[in-house]
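Asks: Here is a sequence together with a model predicted from it:
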There are 4 protein chains.
Amino acid sequence: MIKVGIIGATGYTGSELLRLLVKHPQVEVHVVTSRTEQGKFVTSLFPNLRGYIDHEFSAPDTVGLEECDIVFFATPHGTAMNQVSSLLEKRIKIIDLSADFRLKDAALWTKWYGQSHTAVELLEQAVYGLPELNRKAIVTASLVANPGCYPTAVILSLIPLLEAGIIDTQSIIADAKSGISGAGRKASINHLYTETSESFKAYSVSGHRHLPEICQALDTLIGEPAGLTFVPHLVPMIRGIHATVYVQLQSDTEIQKLYEDRYHNEPFIDVMPAGSHPETRAVRGSNVCRLAVHMPQKGNTAVILSVIDNLVKGAAGQAIQNMNLMCGLDESTGLDFPALSP
Amino acid sequence: MIKVGIIGATGYTGSELLRLLVKHPQVEVHVVTSRTEQGKFVTSLFPNLRGYIDHEFSAPDTVGLEECDIVFFATPHGTAMNQVSSLLEKRIKIIDLSADFRLKDAALWTKWYGQSHTAVELLEQAVYGLPELNRKAIVTASLVANPGCYPTAVILSLIPLLEAGIIDTQSIIADAKSGISGAGRKASINHLYTETSESFKAYSVSGHRHLPEICQALDTLIGEPAGLTFVPHLVPMIRGIHATVYVQLQSDTEIQKLYEDRYHNEPFIDVMPAGSHPETRAVRGSNVCRLAVHMPQKGNTAVILSVIDNLVKGAAGQAIQNMNLMCGLDESTGLDFPALSP
Amino acid sequence: MIKVGIIGATGYTGSELLRLLVKHPQVEVHVVTSRTEQGKFVTSLFPNLRGYIDHEFSAPDTVGLEECDIVFFATPHGTAMNQVSSLLEKRIKIIDLSADFRLKDAALWTKWYGQSHTAVELLEQAVYGLPELNRKAIVTASLVANPGCYPTAVILSLIPLLEAGIIDTQSIIADAKSGISGAGRKASINHLYTETSESFKAYSVSGHRHLPEICQALDTLIGEPAGLTFVPHLVPMIRGIHATVYVQLQSDTEIQKLYEDRYHNEPFIDVMPAGSHPETRAVRGSNVCRLAVHMPQKGNTAVILSVIDNLVKGAAGQAIQNMNLMCGLDESTGLDFPALSP
Amino acid sequence: MIKVGIIGATGYTGSELLRLLVKHPQVEVHVVTSRTEQGKFVTSLFPNLRGYIDHEFSAPDTVGLEECDIVFFATPHGTAMNQVSSLLEKRIKIIDLSADFRLKDAALWTKWYGQSHTAVELLEQAVYGLPELNRKAIVTASLVANPGCYPTAVILSLIPLLEAGIIDTQSIIADAKSGISGAGRKASINHLYTETSESFKAYSVSGHRHLPEICQALDTLIGEPAGLTFVPHLVPMIRGIHATVYVQLQSDTEIQKLYEDRYHNEPFIDVMPAGSHPETRAVRGSNVCRLAVHMPQKGNTAVILSVIDNLVKGAAGQAIQNMNLMCGLDESTGLDFPALSP
């Protein structure tokens, strides 16, 4: 059994990790920490877990972490970068669900996150944990930077096109929509039911922190800076991301087949039949990304539709997929079940 | 492996049966029928099941049913009563999720369902499939009438009190609230998003079909007709039932302990700590009923709060719980996972 | 024109007052205060009011208040009681939408609100602002305590029965359900979209602050302490309260007629036809309370259904109704428009 | 008083017309027809209108229409084109909220609506009822084709740019999102609460009927065929459209000022401050279109955000705005009130 610790488990990615890990056949949840809720039972915050976990939240510096084989950080950005180093020295593997190790360029990180990076020396060894892109490197990684939710949905929608080199890489538009759990579990007026229900809006049009993360992946794929316009929106629903991606094709490749071929062996990518319109509810609670490709009006604009559950494939599920790879397990272990719908 | 057939699998109870059965370790889904959708892939209606089931819907009279060990009816009322008899003759076990075999009194059934009952001779042998009440009988049953969603939530909230004989049985009030999936998956103006979202109302105050079903169970428990006022309401959410039950205590029994003792060994009943307020989301997608008991204002009115997922413990999950019992499996097989929250 | 001030206008009752007052033909909004948002434009918080109000929020102690004819307090409890006295001395009329002057018994107030009352001498002169009960007193009042949202819905559902003296006053049950705006506009984890959507729960079963307020009104009507069990619930919708009230009839009075007669001349009470099920959306944004009475199963339990918009008839609209009465205007001025549905 | 008839008033545009017209100071609602609901009280379908309208639905061919000054068609497409001619002969003015007279090219109409057009001779005289584009023509029109909801949101977001001639007209992308009332009030599985809540999807990516309508307006503005990719999406909310429009600027014009100047005198267009993110709830129930312009990442891609209430500015409100113009009233009559939020 793999001994697992979760640091900062009072948010939605933390509780989703717990939901999935308590049923993972090869995992023993060893320690669950929270600075604010220490001493309380995990199930007092998350009653859906009653009967599945007896732990109390312990303080972040409690003994117990060093006995773990793998530690997940489900903390806000700025926390993991201060603690990872000492855990790595004890040969504990790390999966960081925060943004601390996603960007390779520390200056860029500082620009977007507004603080200095305190573990610059680890940025190079950190592996960006998108298995469909970096599977080999993840298998041998000690430190995995789990991707953001928007980046997961957007990058997966573009990999086949970028690898094939058949689009104008300077005019990519990603119009993305997220459920409200993407904003996290913290006191906020802006994300009250009364402020978000029965409404729809764009936000951070001038620049969202996931923009440089997406660009870094696209740049690596094409070998030069991509031109991306990324606009996130807030949808009155709990879970789900829908990315609608617009690209200009520069060849008449049959892109339905391109996607099917590229993702044929991927356990968590579902290329839907031509003409499909994937719904976010069809991935609710599951680790699957469903994709559909369209060529409307016979022009050369391709429209790629991509849906994930932001808390699963966009966070906790992908983290467990990475854990499985890092620990030599079948990649789907503990993640192989259908979405909850309706 | 148990070979299973599902008749009428295009509704929400049918699709939920499929979601649970495709991961049940002892079950092979053999045939899935639909009069209206025959020839279509199941996954064309329920894309959340893509990757888990390859079946097409077959016609209800297709060969295949007789090869099943157990057949679920997920049809509207009035269908199962015409088909059960011939299946039983072939020693196929039946779990009927419709209302056809829930009432023992055919005249009462006719009064509430507006048609004659065509299988009166089977009413006596049919076992009301509430395991917490009838476990022994279910184990040996050939025909199980799976309870309605409201009755499950209400009866479970009253069993300890009625068995203890400590309440006024003539003044029970059950104020029940249901998510909209209780209305089924059928074309209807009244259950459009636009007609139900951001609103709340009571319905069928003059009499709902689940009233006689609840009364039958209560009457059996107390040996005389109970006096019950039952008012259902429609909540703008997909899944979940919350019953708020008001009773007059006639003794000063410590009812928290009464509930804990009665349900101590029940795998799917969670008596929450005193003072709790169970939420429907804490049972979403799971087979658990969570209960909390209150004695507000130091009077002798007790308030029992009871939540279930109407599609799981209130339908498909309970049906599988019954199947497990009827087939000699551990009662929790295929049903042991936490609820999806948030 | 009536010069109006609003103290604490950054919450939902404050913004709803503004929505209604900017179109009130006899009102000029003179000053709008907020401790936290002073200096900001009102429309920067409430963009729906763009084009209708140019004010900035001013500090609560700003000059300007003393020029008003009437001042609304839309503050949390504990604020108005410290400021009302000096305003009354300047012959400014006060409508307090908070709880400070609702209870006549200062000790009771302290018990439920957890602090001492600092204006006990004003409690007697304060008029409880439910026009259907206290219209005459409101007309001449200088200080009106605007009722709570639950009390408005529940008391209106009971007045005809209590005045007629035909029910058992010791076994009244009010099962009430509220939209989430009832919790106010303040940073809170518990009222995030992600914590409340797609779920339903009871809360404060052991005792809610609106309980003594309802009881005070019932006690006054019947001349002795009523026996009331009051259980509030949270509905995943923004606006609306639905009260389902259960009473035991002690005579065979035709109660449909009783309600129609009692409320015949009330401009904001709609007694719906027998058999109706009022929906909260049918009063959304309007000052109307819609009522329906039922006698299910031919017993002597009557079920009264009562719906209001908690922000209008349950707060801001009723406050303006009171203002109209206090200022000698037609009671419906500025409040006469249909609900927004769907 | 203007005598008004509404044909087909059982849908959401019809009921919204009624909500607005019953309070319009210059209008008398004379006749309200419905083929399916004739003989029923309007308020039995729309209880929010109780107290405001006593009419029963009458049959579509009832006497009464010819006494009207103006008739609104709130029917599905294919109805108005058969009835308009005889009404026009009686000098009754017509506002058609359906699609029958929106496209000037009958062959194009047939292609998209799948039937022959039966009033081709009226297409030329029909005026496309977008006041911000065609105000003068509307004033003198006898037959106004009220725009679709998506076209209203998208065209209004592009007029200033197209009139200024500063964008690449061949690469316009309109990613549009609509609440579910856009699908109308009709029995449908696809638009049940249970099928749409807590989910998000694109639809009709291969081609939506509003595409040729938008293109016709754009083509007219620029004098040649525009290149538009239009992708509609379904949002789990009742009302509201949000269009996110992406264009490539070909000059360094200050577009914030461009929008402010173009719309300075428009009573129902609100150009929000630079950096704003308009929310659909900020126009709920109102006739306003709120716009914000962005130039993210210092590139030459402009992002225009445009929100309307699809039932008001996208249907009934705009129809009344047109009626006001056609009848010589102030354009804002009956439409001047703030949006309902939250």
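Replies: Ah, there it is. Residues are numbered from 1 along each chain as shown, chains lettered A, B, ... in the order given.
Asks: Quick check: residues of the stretch 51-200 of chain A near chain B?
Replies: A:51-52, A:181, A:197-198 (Cβ under 8 Å from any Cβ of the partner chain). Placement of C-beta: from N, CA and C, glycine included.
Asks: mind running it again at 10 Å?
Replies: A:51-53, A:179-181, A:185, A:197-198 (Cβ under 10 Å from any Cβ of the partner chain).
Asks: Tell me the most packed of those, by neighbour count.
Replies: A:Gly179 (31 neighbours; other Cβ atoms under 10 Å in any protein chain shown).
Asks: Next one: that residue from A:Ile308, what distance?
Replies: 11 Å (Cβ to Cβ, to the nearest Å).
Asks: what is in contact with the two at once?
Replies: A:149, A:239-242, A:280, A:314 (Cβ atoms under 10 Å, 6 or more residues apart in numbering or on different chains).
Asks: re the thing from before, JSON lines for the residues of the stretch 51-200 of chain A next to chain B, including pLDDT and secondary structure?
Replies: Output for those, formatted as JSON lines (pLDDT from 0 to 100; DSSP: H, G, I helix; E, B strand; the rest coil):
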{"residue": "A:Gly51", "pLDDT": "97", "secondary structure": "coil"}
{"residue": "A:Tyr52", "pLDDT": "98", "secondary structure": "coil"}
{"residue": "A:Ile53", "pLDDT": "98", "secondary structure": "coil"}
{"residue": "A:Gly179", "pLDDT": "98", "secondary structure": "coil"}
{"residue": "A:Ile180", "pLDDT": "98", "secondary structure": "helix"}
{"residue": "A:Ser181", "pLDDT": "98", "secondary structure": "helix"}
{"residue": "A:Arg185", "pLDDT": "97", "secondary structure": "coil"}
{"residue": "A:Ser197", "pLDDT": "98", "secondary structure": "coil"}
{"residue": "A:Glu198", "pLDDT": "98", "secondary structure": "coil"}
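Asks: Quick one: residues contacting A:Thr71.
Replies: Heads up, residue A:71 is Val, not Thr. Neighbouring residues of A:Val71 by Cβ under 10 Å, 6+ apart: A:3-7, A:30-31, A:33, A:65, A:80, A:83-84, A:87-88, A:90, A:92-96.
Asks: Phi, psi for A:Leu21 please.
Replies: phi -70, psi -30 (degrees, to the nearest 10).
Asks: Do the longest helix seen in chain A and chain D come into contact?
Replies: With secondary structure taken from DSSP state H, chain A has its longest helix at helix A:149-164. No. Shown here: helix A:149-164 not in contact with chain D (Cβ under 10 Å from any Cβ), separated by at least 11.8 Å.
Asks: what residues go with each domain of chain A?
Replies: Split into domains by automatic domain parsing, chain A comes to A:2-125, A:150-312.
Asks: Just name the most buried of those.
Replies: Mean neighbour count (mean count of other Cβ atoms under 10 Å in any protein chain shown) peaks for domain A:150-312 among those, with a mean of 22.
Asks: how distant is that domain from the center of its chain?
Replies: 12 Å (Cα atoms, centre = their mean, to the nearest Å).
Asks: Does at least one residue of it sit close to chain C?
Replies: Yes. Using Cβ under 10 Å from any Cβ, domain A:150-312 reaches chain C at A:179-199, A:234, A:236-239, A:311.
Asks: In helices, which of those residues appear?
Replies: A:193-196.
Asks: just checking, A:His191 touches C:Leu192?
Replies: Yes. Counting by Cβ atoms under 10 Å, C:Leu192 is a contact partner of A:His191 at 5.3 Å.
Asks: Need the overlap of contacts for these two.
Replies: Common contact partners of A:His191 and C:Leu192 (Cβ under 10 Å, 6+ apart): A:180-181, A:183-185.
Asks: farthest pair in these?
Replies: Farthest-apart pair in the shared contacts of A:His191 and C:Leu192 is A:Ile180 and A:Arg185; separation 10.4 Å (Cβ to Cβ).
Asks: Just the pLDDT at the residue in the stretch 101-250 of chain A that chain B sits nearest to, thanks.
Replies: Going by Cβ to the nearest Cβ, chain B is nearest to A:Ile238 of the stretch 101-250 of chain A, at 5.2 Å. Looking at A:Ile238, its pLDDT stands at 98.
Asks: what do you get for the one 10 residues further on?
Replies: A:Gln248 is assigned a predicted lDDT (pLDDT) of 97.
Asks: likewise A:Pro25?
Replies: A:Pro25 is given a pLDDT of 98.
Asks: Going by residue numbers, what spans are strands in the stretch 101-250 of chain A?
Replies: Counting by DSSP state E, counting those that start in this stretch, the stretch 101-250 of chain A has strands at residues A:127-128, A:143-145, A:172-178, A:201-202, A:228-234, A:241-248.
Asks: The third one versus strand D:241-248: what angle between them?
Replies: Orientation of strand A:172-178 against strand D:241-248 (axes from the mean of the first three to the mean of the last three Cα atoms, to 10 degrees) gives an angle of 160 degrees.
Asks: Are strand A:172-178 and chain D in contact anywhere?
Replies: Yes. Using Cβ under 10 Å from any Cβ, we find that strand A:172-178 touches chain D at A:173-178.
Asks: which one of those is nearest C:Leu122?
Replies: Taking the residues of strand A:172-178 next to chain D together and measuring to C:Leu122 by Cβ to Cβ, the closest member is A:Ser178, at 49.9 Å.
Asks: check contacts around the closest one.
Replies: Per Cβ under 10 Å, 6+ apart, neighbours of A:Ser178: A:149-150, A:153, A:203, A:210, A:232-235, A:237, A:239-243, A:280, A:310, A:314, D:200.
Asks: try A:Leu20
Replies: For A:Leu20, the contact set (Cβ under 10 Å, 6+ apart) comprises A:27, A:285, A:287, A:311-312, A:316-317, A:319-320, A:334-335, A:337, B:337-338.
Asks: Among those, which one sits closest to C:Ala119?
Replies: Closest to C:Ala119, out of all of these and judged by Cβ to Cβ, is A:Leu311, at 49.2 Å.
Asks: if I read this right, A:Val63 contacts A:Val31, doesn't it?
Replies: Yes. Counting by Cβ under 10 Å, A:Val63 does reach A:Val31; the two are 8.8 Å apart.
Asks: what ranges do the helices span in the stretch 201-342 of chain A?
Replies: A:210-222, A:255-262, A:317-326 (DSSP state H, counting those that start in this stretch).
Asks: okay if I get those as a markdown table plus distance to B:Asn134?
Replies: Formatted as a markdown table, the helices of the stretch 201-342 of chain A follow (distance: least, Cβ to Cβ, whole Å):
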| stretch | distance to B:Asn134 |
| --- | --- |
| helix A:210-222 | 54 |
| helix A:255-262 | 50 |
| helix A:317-326 | 39 |
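Asks: possible to save the ones you listed as JSON lines with mean pLDDT?
Replies: Below are these laid out as JSON lines (pLDDT from 0 to 100):
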{"stretch": "helix A:210-222", "mean pLDDT": "97"}
{"stretch": "helix A:255-262", "mean pLDDT": "98"}
{"stretch": "helix A:317-326", "mean pLDDT": "98"}
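Asks: between those, which one is nearest to B:Glu124?
Replies: helix A:317-326 (49.0 Å).
Asks: Tell me the gap between stretch A:8-19 and the middle of its chain.
Replies: Worked out by Cα atoms, centre = their mean, stretch A:8-19 lies 13 Å from the chain centre.
Asks: So it, near chain D or not?
Replies: No. Judged by Cβ under 10 Å from any Cβ, stretch A:8-19 and chain D are separated, with a smallest distance of 14.9 Å.
Asks: coming back round to it: what subset of the shared contacts of A:His191 and C:Leu192 is also close to chain D?
Replies: Of those, not one also sits near chain D (Cβ under 10 Å from any Cβ).
Asks: Quick check: closest non-adjacent residue to A:Glu266.
Replies: A:Glu132 (5.7 Å; Cβ to Cβ, 6 or more residues apart in numbering or on different chains).
Asks: how many other residues sit next to that neighbour?
Replies: 18.
Asks: try the one 5 residues further on
Replies: Under the neighbour criterion other Cβ under 10 Å, A:Ala137 is assigned a count of 15.
Asks: residue contacts, it?
Replies: A:125, A:127-129, A:131, A:144, A:325.
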